[in-house]
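1. below is the sequence, then the predicted model.
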Amino acid sequence: MIEKRQKGDHLENKETKASIIEFILESEKEISEPVIRDRLKGKHNVTDQGTINKHLHFLWKKLGCIERVPPIKQGIKSHWNITNVENLRNIKHEFPKILLNSYEKSIMIIFNERGYDIRKIENLDFYIKLLLSASLFDAFLDTDIHELMYKAKKIYLRGEGYMKTNNYEYHVEKFIKMYEEVNQDFKIPTDLKIYQRHMSKEAFFKIFEEFKIKTDEMIKELEEAYKIYKEIDEDFDNKPGKILLEHFINHDIYKDLESPDESRFFIDLKEARRKADKIWIKEANFKNIDRFIELIRLEELKVYSEIIQKYKKPSMFYISENSDLIYDELKEAYKDQI
């Protein structure tokens, strides 16, 4: 039988402080000191008001893990909360065993400070991934999505994009050399920009409008260059996100942080896309790409609903223990985006 701690007994400071942080993270709003005292009394049998107050002020003033919400009027106790990314970074540093991504408050702090709106369907997907991947969540404590995507693009350009970029440049340079052979006095424009984003074929060819005389062979080189350019341009829209996810999933595996749910989730997402593809093929409506996207969205929402049912997060969509009802709620919430 474990002996209960008596008032005044020594309790590891980290243990007490960690309990305070976890209690605040569990709460939707700020918490008053009396409520925190009741929690610590029930969990650790710590009742000394002065000791608890010291812990709170140390977490606030010294470690920057929590924020004090001053009382509205004199005589009322202060409230305490965790409100910003800096709080989360400090908690991660001082209390690495606390799994911040398992708390809705932590994820919503990331959303609010980084400007992500959960009313957008792609951000629901992002929410679920933050909930399941500790490594992905930790990355967003330090870096905004724009910087992470920039790094992912650099990875792409050193890997798959390297050969495509070289091939693109090869055809552009071949066009220029062919042009120089028939127009020896022509000077290549110093401001020739061949790396603009989202160019139409017309806009791409306009880059070379100063090259007046073009043979069929030259045009063929530009045609080939544009074909590769389109692949690279589409890759820049799609590949960086996949690179990021693959990186952090692998990091979770490497650090033994991957949960069975995380592994299952990404398998289920792939299966959802296969199901959507089968339905689309069965409908034989191959020209209707919007319908294909709709089918993918609907199948993905089924996967999200099962995660929401199990984790009860995001709480705004946890309306039932029945994942089918949650799925109906998601369809209604995102009906204009499906």
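-> Arrived safely, thanks for sending.
2. Lys212: neighbour count?
-> By other Cβ atoms under 10 Å, the residues close to Lys212 number 9. Using the backbone N, CA and C atoms, a C-beta is placed for each residue, glycine as well.
3. wait, a strand at it?
-> No. Counting by DSSP: H, G, I helix; E, B strand; the rest coil, one finds Lys212 to be coil, located in no strand.
4. residues near the nearest residue to it once chain neighbours are set aside, how many?
-> Leaving aside its chain neighbours, Lys212 sits nearest to Asn183 (7.9 Å; criterion: Cβ to Cβ, 6 or more residues apart in numbering). For Asn183, the count of nearby residues is 13 (other Cβ under 10 Å).
5. measure the residue nearest to Leu301 when sequence neighbours are not counted to Lys120 for me?
-> Of all residues not flanking Leu301 in the chain, Leu330 sits nearest, at 4.6 Å (Cβ to Cβ, 6+ apart). The gap separating Leu330 from Lys120 is 13 Å, by Cβ to Cβ, to the nearest Å.
6. likewise for Glu223?
-> Here Glu223 is placed at a distance of 37 Å from Lys120 (Cβ to Cβ).
7. wait, the residue nearest to Leu301 sits on Tyr304?
-> Yes. Using Cβ atoms under 8 Å, Leu330 makes contact with Tyr304 at a distance of 6.4 Å.
8. shared neighbours of the two, anything?
-> Counting by Cβ atoms under 8 Å, 6 or more residues apart in numbering, the common neighbours of Leu330 and Tyr304 are Leu124.
9. and those two? Which one has more around it.
-> More crowded of Leu330 and Tyr304, by other Cβ under 10 Å: Tyr304, with 25 against 22.
10. just the CA trace of the helix or strand that contains the more buried one, in PDB.
-> Tyr304 is part of helix 289-311 when elements are defined by DSSP states H and E. Extracted C-alpha coordinates of helix 289-311, given in PDB (Å, rounded to 0.1, in the frame of the first residue of the first chain):
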ATOM      1  CA  ILE A 289     -12.400  16.300 -62.400                       C
ATOM      2  CA  ASP A 290     -14.500  18.200 -59.800                       C
ATOM      3  CA  ARG A 291     -16.500  15.000 -59.200                       C
ATOM      4  CA  PHE A 292     -13.300  13.100 -58.600                       C
ATOM      5  CA  ILE A 293     -12.100  15.700 -56.000                       C
ATOM      6  CA  GLU A 294     -15.500  15.600 -54.300                       C
ATOM      7  CA  LEU A 295     -15.200  11.800 -54.000                       C
ATOM      8  CA  ILE A 296     -11.800  12.100 -52.500                       C
ATOM      9  CA  ARG A 297     -13.000  14.700 -50.000                       C
ATOM     10  CA  LEU A 298     -15.900  12.500 -48.900                       C
ATOM     11  CA  GLU A 299     -13.800   9.400 -48.400                       C
ATOM     12  CA  GLU A 300     -11.200  11.500 -46.500                       C
ATOM     13  CA  LEU A 301     -13.900  12.900 -44.200                       C
ATOM     14  CA  LYS A 302     -14.800   9.300 -43.200                       C
ATOM     15  CA  VAL A 303     -11.200   8.800 -42.100                       C
ATOM     16  CA  TYR A 304     -11.200  12.100 -40.200                       C
ATOM     17  CA  SER A 305     -14.500  11.200 -38.500                       C
ATOM     18  CA  GLU A 306     -13.000   8.000 -37.000                       C
ATOM     19  CA  ILE A 307     -10.100   9.900 -35.600                       C
ATOM     20  CA  ILE A 308     -12.400  12.600 -34.100                       C
ATOM     21  CA  GLN A 309     -14.600   9.900 -32.600                       C
ATOM     22  CA  LYS A 310     -11.600   8.200 -30.900                       C
ATOM     23  CA  TYR A 311      -9.700  11.300 -29.700                       C
END
